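Student: Starting from these lines, generate the structure:
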Amino acid sequence: MGLRPQHLVAPDDRIAPALLEEMTTLRGGISDETRAELAAEAFSHTAEYDFAVASWLSGPRAFPDIVHLALKKQFPLRHGENPQQEGSFYAASDPGWQRLQGKDLSYTDLLDMDAAARLVAEFEQPAAAIVKHTNAWGCALGATVVDAYRRALDADPRSDAGGVVATNREVDGPTAGKIIDSPMELVIAPSFTAEALAEFGQRKDLRVVYARKPAAFARGVELRSAAGGVLSQEMDVTTQTRADMHVTGRVQPAEEDWGDIVFAWTVVKHLKSNAVCMVHKAQMVGMGAGCISRVEAVGLAGRRAAERSFGAVLASDGTFASRDTLDAAAGFGIRCIVQPGGGLHDAEVTAAADEHGLPIILTGVRHFLH
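Tutor: Reported below is the predicted structural model:
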């Protein structure tokens, strides 16, 4: 039995109106261009099904011999990494978030949003992070979400750098009011109160993103194009507690420092290598990221922290290659250092820590991020 035009449903909503118009105009016929477009849609649909079957038959392997990807275009980007570059966002299924208001998203907006959401997902306590160029320039824990945000914002009191804000708790009115007082570009959170949305409505360009699945930002396998192909790796989801770390050298950290040690070690995992961060009372007060030299990273973090470096805990994403890095940290008044260890000069670094009276904690895990 033949199908009448009103029974036809095209997979792509863009095609159906044009198809019906052509069938009416051409008295049941369609143009070669439309036939080609429909054929492409049909083969894409069946290919997606074949990919799903092949993946299921291959079993739940993280790194199969052949990777089948069926990604659907979700929306065009406002622009790519720069305004002269076009871009689009693709996903295999529901990405777990939704933009509630604000300007269209760009390539860098999504990268920063992802980095910020991954960071705050690490913490059980109320947490806030402010990210720019995929690095957190502010991150803190607090008694409430507004407290966490105030403390994150205070990480760099000398400038209002703007960027992407992420929280791991519902954003309420007071928090939203504080956010719109600064030049932030995007806010992502697991939920928002009606009062918060009303506050954000005062800044129509501000992107407000509701993350239905915040944990998904920090789990699974990630893909990245490079060298004419695609790199695939497990995400760095390793978490460590005090029990996973050990103190080397003669000096023991104070009991009250352990919270900052674990917090600093968690934050530095999300900064671009070479990276260090300085933390005081669950607040990042200085960071150095993307540096060629780890000594340079320490200097950058110390200058950003200024006088707040004195008495702070310093975390390094990679091992200290020589005592120079430790000497630089000691010069900023650091009270404790946490780093992976495992370097050729660990003994030299430990001896230097003893000379400065600094506790040094080793984790045995490196957290490079490129």
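
Student: Skip the chain neighbours and tell me the closest residue to residue 269.
Tutor: Sequence neighbours aside, residue 367 is the residue nearest to residue 269 in space, at 4.0 Å (criterion: CB to CB, 6 or more residues apart in numbering). For every residue, glycine as well, the C-beta is placed using N, CA and C.

Student: How about the contacts made by the residue nearest the centre of the chain?
Tutor: The residue lying closest to the centre of the chain (CA atoms, centre = their mean) is residue 115, at 1.2 Å. By CB atoms under 8 Å, 6 or more residues apart in numbering, the contact list for residue 115 reads 131, 134, 135, 136, 164, 270.

Student: now those residues as JSON lines including neighbour count, secondary structure and distance to residue 348?
Tutor: Output for the contacts of residue 115, formatted as JSON lines (neighbours: other CB atoms under 10 Å; DSSP: H, G, I helix; E, B strand; the rest coil; distance: CB to CB, whole Å):
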{"residue": "131", "neighbour count": "27", "secondary structure": "strand", "distance to residue 348": "35"}
{"residue": "134", "neighbour count": "19", "secondary structure": "coil", "distance to residue 348": "33"}
{"residue": "135", "neighbour count": "21", "secondary structure": "strand", "distance to residue 348": "30"}
{"residue": "136", "neighbour count": "29", "secondary structure": "strand", "distance to residue 348": "31"}
{"residue": "164", "neighbour count": "27", "secondary structure": "strand", "distance to residue 348": "40"}
{"residue": "270", "neighbour count": "26", "secondary structure": "coil", "distance to residue 348": "29"}
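
Student: before we move on, the earlier item: from residue 185, how far out is the residue nearest to the centre of the chain?
Tutor: Going from residue 115 to residue 185 by CB to CB, to the nearest Å gives 13 Å.

Student: now swap in residue 121 and tell me
Tutor: For residue 121 relative to residue 185 (CB to CB), the value is 20 Å.

Student: Then residue 327?
Tutor: Counting by CB to CB - residue 327 and residue 185 are separated by 39 Å.

Student: Counting neighbours, go ahead and name the busier of these two.
Tutor: Shown here are residue 327 and residue 185; by other CB atoms under 10 Å, residue 185 has more neighbours (21 against 17).

Student: which ones are touching that one?
Tutor: Contacts of residue 185 by CB under 8 Å, 6+ apart are 109, 162, 163, 164, 206, 207.

Student: Among those residues, which ones are in helices?
Tutor: residue 109 (DSSP state H).

Student: Filter the contacts of residue 185 down to the buried ones.
Tutor: 109, 163, 164, 206, 207 (16 or more other CB atoms under 10 Å).

Student: What is the nearest of those to residue 360?
Tutor: residue 163 (32.1 Å; CB to CB).

Student: Burial check on the nearest residue to the closest one once chain neighbours are set aside, number of neighbours?
Tutor: Nearest residue to residue 163, sequence neighbours excluded (CB to CB, 6+ apart): residue 132, at 3.5 Å. When neighbours are defined as other CB under 10 Å, residue 132 has 18 of them.

Student: what separates residue 132 from residue 161, distance-wise?
Tutor: 6 Å.

Student: pull the CA atoms of the helix or strand that contains the residue nearest to the centre of the chain into CSV?
Tutor: Assigned by DSSP states H and E, residue 115 belongs to helix 107-120. Extracted in CSV, the C-alpha atoms of helix 107-120 (Å, rounded to 0.1, in the frame of the first residue of the first chain):
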residue,chain,number,x,y,z
TYR,A,107,34.3,26.5,21.1
THR,A,108,36.3,27.9,24.0
ASP,A,109,33.1,28.3,26.1
LEU,A,110,32.6,24.6,25.9
LEU,A,111,36.2,23.8,26.7
ASP,A,112,36.1,26.0,29.8
MET,A,113,32.7,24.7,30.8
ASP,A,114,34.0,21.2,30.7
ALA,A,115,37.1,22.0,32.7
ALA,A,116,35.2,23.8,35.4
ALA,A,117,32.5,21.1,35.7
ARG,A,118,35.2,18.4,36.0
LEU,A,119,36.9,20.3,38.8
VAL,A,120,34.0,20.9,41.1
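
Student: what are the ranges of the strands in the stretch 101-250 of the chain?
Tutor: 127-132, 135-141, 163-167, 184-189, 207-211, 221-226, 229-234, 246-248 (DSSP state E, counting those that start in this stretch).

Student: How about residue 313, nearest residue that isn't a chain neighbour?
Tutor: residue 260 (4.3 Å).

Student: give me every residue that touches the residue nearest to residue 163.
Tutor: Listed by CB under 8 Å, 6+ apart, the contact partners of residue 132 are 112, 161, 162, 163, 164.

Student: residue contacts, the third one?
Tutor: To tie it back to what came earlier, the one meant is residue 162. Contacts of residue 162 (CB under 8 Å, 6+ apart): 132, 182, 183, 184, 185.
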